[in-house]
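Peer 1: task: produce atomic coordinates for the following.
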Amino acid sequence: MSYFDVASSAPLHPVARQALQASLDEGWADPARLYREGRRARMLLDAAREAAAEAVGCRPDELVFTSSGTRALHTAVAGALAGRRRVGRHLVVSAVEHSAVLHAAEVHAAAGGEVTEVPVARSGAVAVDTYSAALRADTALACLQSANHEVGTEQPVAEVAEVCGAAGVPLLVDAAQSLGWGPVAGGWSLLTASAHKWGGPAGVGLLAVRKGVRFAPQGPADERESGRAAGFENIPAIVAAAAALRAVRAEAAAEGARLRELTERIRVRVPGLVPDVEVVGDPVRRLPHLVTFSCLYVDGETLLHELDRAGFSVSSGSSCTSSTLTPSHVLKAMGVLSEGNVRVSLPLGVTGAEVDRFLGVLPGVVASVRERLGAPVTRPDASGSPSSLVVDALGRRCPVPVIELAKVIGDVPVGGTVTVLADDEAARLDIPAWCEMRGQEYVGEQPAPVGAAYVVRRTH
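Peer 2: A predicted model of the protein is given here:
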């Protein structure tokens, strides 16, 4: 079995396992106590904090440990907004931030705050000028991830931090996906991360707040972790997290170069092995271990199950793999295809043979899923056909509306239109994405009694 989903959670690093086992016997006492056992626990906690701060690039007294990366983000957003309440209540986020940031933004908006969402390019990156234009005199906080969790695109954090600094706005960086590969460059103000992303134990997050940043912790006061993270510290897990971070950093340069070659192999070969595939995310400014692609005419949930049967654990942002049946907010913001979406994130130590085996299995798996769904094949040009057709895909879920569109596009002459009636939320994203991939013109969305009507004009 090949585990290709470390962007969700990485296996426990061997160094973390050793540190965890060793600290279980020494780190169980209350580090706030003055007796011998408490002093031992405090020494372990302080050493872990110093190691983590060195990796982050901040002072030890600027960093606290939280119960998760999500908790770190929620604490950072709430504390920074409260600390700068006199400046204003305007929050700026990118459209592809982690859901934890977007959920915190929703809470802020519900409480009367204002949120500006900065759009991204098709690569998934923000434009520095666009981000700068979103800043205002009453902006209390700006948020920008260092690298995207779903497609691996790296953001221009240093450049955005510079414009935020010039505007006097603190920048919060979610570094969960990138911290294991290196420190975040630039003059950021707050930073968060999550240990289980780099091979540490789950349940340990990091929150760094630079000196001079106005920050008011929310919730009941707590004497631990500078009042910014309530509750008794899980010292064995914290020690293991810091040990794992130091270990992966030591091998990051060599392992990153090796994994980048393997993900580039996937990026280059998948479009040649599987027809009608879109590789998404920035091809250059990206994490070394992560690659994402989407396959037309494929049910994402079925595809993931079939790959699992074949021995590969991967992830997906397709709507048909979620209980909400809505496409990933990241893929939606990028305007790329969401159906049949596959995210491959390679673990440390993965071999080229494993990647080649994945590439050998993938075409057959995709073909079998497409055949099961009745996906279209190449059709002859229409002759003497009606100039417009209506496809009723109401009640049909991703990827069926796009499959039905593809089946009939050849039945109208060049210049003719196909109108797809659909009530599946993913159709709003996937039909325009299909048009771009296939070189057809997306005319637009029109209101309909149920769902929406998506109009496509045949161009060739």
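Peer 1: hang on, Leu394 packs against Ala427?
Peer 2: No. Look at Leu394 against Ala427 with Cβ atoms under 8 Å: they stay out of range, at 10.3 Å. Just so you know, the C-beta spots here come from the backbone N, C-alpha and C atoms, and that holds for glycine as well.
Peer 1: neighbour count winner among these two?
Peer 2: The neighbour comparison of Leu394 against Ala427 (other Cβ atoms under 10 Å) goes to Ala427, with 30 against 15.
Peer 1: for that one, which non-adjacent residue is closest in space?
Peer 2: Computed as Cβ to Cβ, 6 or more residues apart in numbering, the closest residue to Ala427 that is not its neighbour in sequence is Pro401, at 4.5 Å.
Peer 1: next up, the contacts around that neighbour.
Peer 2: Pro401 is in contact with 391, 393, 420, 422, 424, 426-427, 430-431, 454, counting by Cβ atoms under 8 Å, 6 or more residues apart in numbering.
Peer 1: then Gln145?
Peer 2: Applying Cβ under 8 Å, 6+ apart, the residues contacting Gln145 are 94, 96-98, 101, 155, 173-177.
Peer 1: from those, which land in helices?
Peer 2: Val101 (DSSP state H).
Peer 1: rebuild the contacts of Gln145 as a markdown table, extending it with pLDDT and neighbour count.
Peer 2: Below are those laid out as a markdown table (pLDDT from 0 to 100; neighbours: other Cβ atoms under 10 Å):
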| residue | pLDDT | neighbour count |
| --- | --- | --- |
| Ser94 | 98 | 27 |
| Val96 | 97 | 29 |
| Glu97 | 97 | 26 |
| His98 | 96 | 24 |
| Val101 | 97 | 24 |
| Gln155 | 98 | 27 |
| Val173 | 98 | 26 |
| Asp174 | 98 | 30 |
| Ala175 | 98 | 25 |
| Ala176 | 97 | 28 |
| Gln177 | 97 | 27 |
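Peer 1: hmm, Ala193 is touching Gly205, no?
Peer 2: Yes. Judged on Cβ under 8 Å, Ala193 makes contact with Gly205 at a distance of 6.8 Å.
Peer 1: what's the spacing between Pro447 and Val96?
Peer 2: Distance of Pro447 to Val96, given as Cβ to Cβ, to the nearest Å: 28 Å.
Peer 1: swap in Leu171?
Peer 2: Applying Cβ to Cβ to Leu171 and Val96 gives a distance of 16 Å.
Peer 1: over to Arg428?
Peer 2: 17 Å.
Peer 1: and for Ala105?
Peer 2: Counting by Cβ to Cβ, the gap from Ala105 to Val96 is 13 Å.
Peer 1: so how far is the helix or strand where Val408 lies off the chain centroid?
Peer 2: Assigning secondary structure by DSSP states H and E places Val408 in helix 400-408. Using Cα atoms, centre = their mean, to the nearest Å, the distance from the centre of helix 400-408 to the centre of the chain it belongs to is 29 Å.
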